[in-house]
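Undergrad: Return atomic coordinates for the entry below.
(one chain, ligands or ions: 1)
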Amino acid sequence: MEDPIRFDVWGTVRKGANEPAVQWLCGSFPWQTVLKVRISVNKSTTQSVPISIAERKSWSEIEMLRRDSPPWLQSFEVFQEGYKPSHKERLNYCSKHDFYSAGLGCNVCKGFYLP
Ligand SMILES: [Zn+2]
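TA: Predicted structure coming up:
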């Protein structure tokens, strides 16, 4: 049996919101260097490149983050763990759960996910 899926979040950063975004992301991904975070945040504000906001979360953590998302976030997209915006073409989108999944149909609809 496979394990129920977890979720990743990708998003873009609002123009001018570099500092709060860098601080938040450094807190969430402490293993990344500040310089690396700064570079990706800068790319996101200037070229709208999506960056990883959260990884391997449960659905309830995703719902909480969606409800209370940081104000510097411009977009908020939820993916099956391990997938990202550049994979969208080959993913399924569920409008009910606002979620991109691989394989057949939405894992949340099917009930095969970490709640
Ligand atoms: Zn669904």
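Undergrad: Can you verify my assumption that Ala102 contacts Glu89?
TA: No: contact criterion C-beta atoms under 8 Å: Ala102 and Glu89 do not qualify, at 11.6 Å. C-beta coordinates here come from the backbone N, C-alpha and C atoms, glycine included.
Undergrad: Between those two, which is the more surrounded one?
TA: Ala102 (15 against 5; other C-beta atoms under 10 Å).
Undergrad: Which residue lies nearest to the more buried one in three dimensions, sequence-adjacent residues excluded?
TA: Leaving aside its sequence neighbours, Ala102 sits nearest to Gln80 (C-beta to C-beta, 6 or more residues apart in numbering; 5.3 Å).
Undergrad: Equivalent analysis for Gly105, please.
TA: Distances taken as C-beta to C-beta, 6+ apart place Asn92 nearest to Gly105, at 6.2 Å, with adjacent residues excluded.
Undergrad: So what's the residue count around that neighbour?
TA: Using other C-beta under 10 Å, Asn92 has 16 neighbouring residues.
Undergrad: dump the residue contacts of it.
TA: Taking C-beta atoms under 8 Å, 6 or more residues apart in numbering as the contact definition, Asn92 lies against Tyr100, Ser101, Ala102, Gly103, Leu104, Gly105, Cys106.
Undergrad: you'd agree the fourth one is in a strand?
TA: Same thing as Gly103. No: according to DSSP: H, G, I helix; E, B strand; the rest coil, Gly103 belongs to no strand; its state is coil.
Undergrad: quick one, what contacts it?
TA: Gly103 neighbours (C-beta under 8 Å, 6+ apart): Asn92.
Undergrad: Would you list the phi and psi of it?
TA: phi 80, psi -160 (degrees, to the nearest 10).
Undergrad: Would you state the helices of the chain in chain order?
TA: 18-28, 34-47, 59-67, 107-110 (DSSP state H).
Undergrad: So the shortest one, near the ion or not?
TA: Just to be clear, that refers to helix 107-110. Yes: with C-beta under 5 Å from the ion as the criterion, the ion is reached by helix 107-110 at Val108, Cys109.
Undergrad: Convert the C-alpha atoms of the longest strand seen in the chain to CSV, please.
TA: For the chain, the strand reaching the highest residue count under DSSP state E is reported as strand 51-57. This file holds the C-alpha atoms of strand 51-57, laid out as CSV (Å, rounded to 0.1, in the frame of the first residue of the first chain):
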residue,chain,number,x,y,z
ILE,A,51,8.5,29.6,-4.9
SER,A,52,8.0,26.8,-2.4
ILE,A,53,5.9,28.0,0.6
ALA,A,54,5.3,24.8,2.5
GLU,A,55,6.2,21.2,2.0
ARG,A,56,4.8,17.8,3.1
LYS,A,57,1.8,19.2,5.0
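Undergrad: All good on my end, thank you.
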